[in-house]
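Undergrad: Structural data only, the sequence is not supplied:
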């Protein structure tokens, strides 16, 4: 799988910016474009006037640190649908502490669940400090016909990491999700049904109990390379994006 572009969501808090740093590190490994998008923690309300300058500074820091292509996505709404629209042109969505406190609550009702149902790309929940590339990954294999695609996704994300698989049984999920692995890769169905409801609970357990990062991958993910690495933001009223590294 080729990750041509990545979208990192942040509310510009230090913990949430860990996700941006992890996305920058992955983008450097993948030689891909990184798009950075601000979103308030409640995904509602008016975006503060000083956000644009702070977001530009963050993009400049990421560009300087990783020497990658970085684009600021202009967004005047701060709503979930704006993230979903931008994610249509993205191979990997990266979020961090933005919704972390909600994971302990009702998983089926909060934005993480709605986001997973609306976007077609994998979603990475980046919690760890991005001090080095991933060294050890756990891949949860279940009974879905395409679940072994997860191994290919994990291997593509970081080809130098040690990848181990395990069966996503209830008890083993709980035990292994608390392991010292830096990344757990979990399959995710986007269609609603009884099996999806049960698996959603397992994904909830992994998100709430894992000490490391978690990658949720839709089972219907298409792994063919996309023809283009980017498309312009379609947010209404947006200004031209702040772009680093695209000019000589």
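TA: Thanks, I have it. Quick caveat, the model's predicted, so the values are computed rather than measured.
Undergrad: Let me see the ranges of the helices in the chain.
TA: 17-30, 51-66, 80-87, 100-103, 111-118, 149-157, 170-176, 194-209 (DSSP state H).
Undergrad: got the angle for the second one vs helix 17-30?
TA: The one in question is helix 51-66. 40 degrees (axes from the mean of the first three to the mean of the last three Cα atoms, to 10 degrees).
Undergrad: So which residues lie in contact with helix 51-66, not counting its own?
TA: For helix 51-66, contacts defined as Cβ atoms under 8 Å, 6 or more residues apart in numbering pick out 10, 12, 17, 20-21, 24-25, 27-28, 34, 36, 38, 68-72, 74, 242, 244-245. The way it works is simple: take the backbone N, C-alpha and C, and place the C-beta from them, glycine included.
Undergrad: Do me a favour and average the pLDDT over it.
TA: What helix 51-66 shows for mean pLDDT is 92.
Undergrad: Quick check: buried residues in that helix?
TA: Within helix 51-66, the residues that qualify as buried are 51-52, 55, 58-59, 61-63, 66, counting by 16 or more other Cβ atoms under 10 Å.
Undergrad: what's the least confident stretch among the helices of the chain?
TA: The minimum mean pLDDT among the helices of the chain belongs to helix 100-103 (a mean of 51).
Undergrad: hang on, the earlier thing: pipe the buried residues of helix 51-66 into a markdown table and attach distance to residue 206 per row.
TA: Output for those, formatted as a markdown table (distance: Cβ to Cβ, whole Å):
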| residue | distance to residue 206 |
| --- | --- |
| 51 | 32 |
| 52 | 35 |
| 55 | 30 |
| 58 | 29 |
| 59 | 31 |
| 61 | 31 |
| 62 | 28 |
| 63 | 33 |
| 66 | 28 |
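Undergrad: so how far is residue 211 from the residue nearest to residue 90 when sequence neighbours are not counted?
TA: Take residue 90 and drop its neighbours on the chain: the residue closest to it by Cβ to Cβ, 6 or more residues apart in numbering is residue 7, 4.2 Å away. Per Cβ to Cβ, to the nearest Å, residue 7 is found 25 Å from residue 211.
Undergrad: Also residue 51?
TA: Per Cβ to Cβ, residue 51 is found 31 Å from residue 211.
Undergrad: Same question for residue 136.
TA: Counting by Cβ to Cβ - residue 136 and residue 211 are separated by 12 Å.
Undergrad: what do the two both touch?
TA: In contact with both residue 136 and residue 211: residue 180, using Cβ under 8 Å, 6+ apart.
Undergrad: how near is residue 155 to residue 140?
TA: 15 Å.
Undergrad: Which of these two has more residues huddled nearby?
TA: The residue with more neighbours, out of residue 155 and residue 140, is residue 140; 25 against 16, by other Cβ atoms under 10 Å.
Undergrad: That one against residue 150, yeah?
TA: Yes: judged on Cβ atoms under 8 Å, residue 140 makes contact with residue 150 at a distance of 7.3 Å.
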